[in-house]
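Enquirer: Attaching a predicted model along with its sequence, questions to come.
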Amino acid sequence: MKIVFTGPESSGKTTMANWSSDLSGMCLVKEVAREYMEILEVPYDGSHVREIGLLQQFDENLRSSQHRDIICDTDLLTIIIWLEVKYKITDHHLLDMWIKSTPDMYFLCWPDFPWVDDPLRENPHNRNELLTIYQNYLIQYKKPFVPLSGNIQNRQQLVHQTILNLTGKDFGLNS
């Protein structure tokens, strides 16, 4: 089983991915971009973003080979949109890899949380526009997804119920 949290910056992806992994025991595939950008000593460009995408996919593939079930705190869709929005680049290789990926479920995180400033975040004012781009990709390529909005408790209940429906396993909200 593969679950992916996706959506604009500061929309709760990492919070929900960590929570879901902790409660379910599923292996967490962390976002590669954060570590990459923190050690990068030059301003980044499109080639760096592409490399982040390849590293993210490598880590996901590695974890999938080691664990039956994974939860991803992002995937190639974020990289594809990053390249498209910031650099006006369509990377057909990354897009093809993403199209061929088969997550059991995407959780599309709505940007209805207050913006949390972070030196690695760049898009405080166009999160709704980015949400629409994410949603359009998921619809266009017929990827299964559940929109996640509202407070943490509502999101947790929806994630819990969705994973329960997919797996038949109840990892419990009261743990």
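Expert: Nice, I can see it. Note that the coordinates shown come from a computational prediction; the quantities given were computed from them, not determined experimentally.

Enquirer: and the particular helix or strand that has Ser65 in it, how far from the chain's centre?
Expert: Ser65 is part of helix 46-66, with elements assigned from DSSP states H and E. Put simply, helix 46-66 sits 13 Å off its chain's centre (CA atoms, centre = their mean, to the nearest Å).

Enquirer: Packing partners of whichever helix or strand comes after that helix?
Expert: Sequence order places strand 70-72 as the next helix or strand after helix 46-66, per DSSP H and E. When contacts are defined as 3 or more CB pairs under 8 Å, 6 or more residues apart in numbering; DSSP states H and E, strand 70-72 packs onto strand 2-6, helix 13-24, strand 27-29, helix 46-66. Where C-beta positions appear, they are placed from N, C-alpha and C, glycine not excepted.

Enquirer: Save these as a markdown table, and put in mean pLDDT too.
Expert: Below are the helices and strands packed on strand 70-72 laid out as a markdown table (pLDDT from 0 to 100):
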| stretch | mean pLDDT |
| --- | --- |
| strand 2-6 | 98 |
| helix 13-24 | 95 |
| strand 27-29 | 98 |
| helix 46-66 | 97 |
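
Enquirer: just so I know, which of the ones you listed lies nearest Tyr87?
Expert: helix 46-66 (4.3 Å; CB to CB).

Enquirer: Identify all contacting residues around the closest one.
Expert: Here helix 46-66 makes contact (CB atoms under 8 Å, 6 or more residues apart in numbering) with 2, 27, 29-33, 36-37, 40, 70, 72, 74-76, 79-80, 82-83, 86-87, 89, 91, 94, 97.
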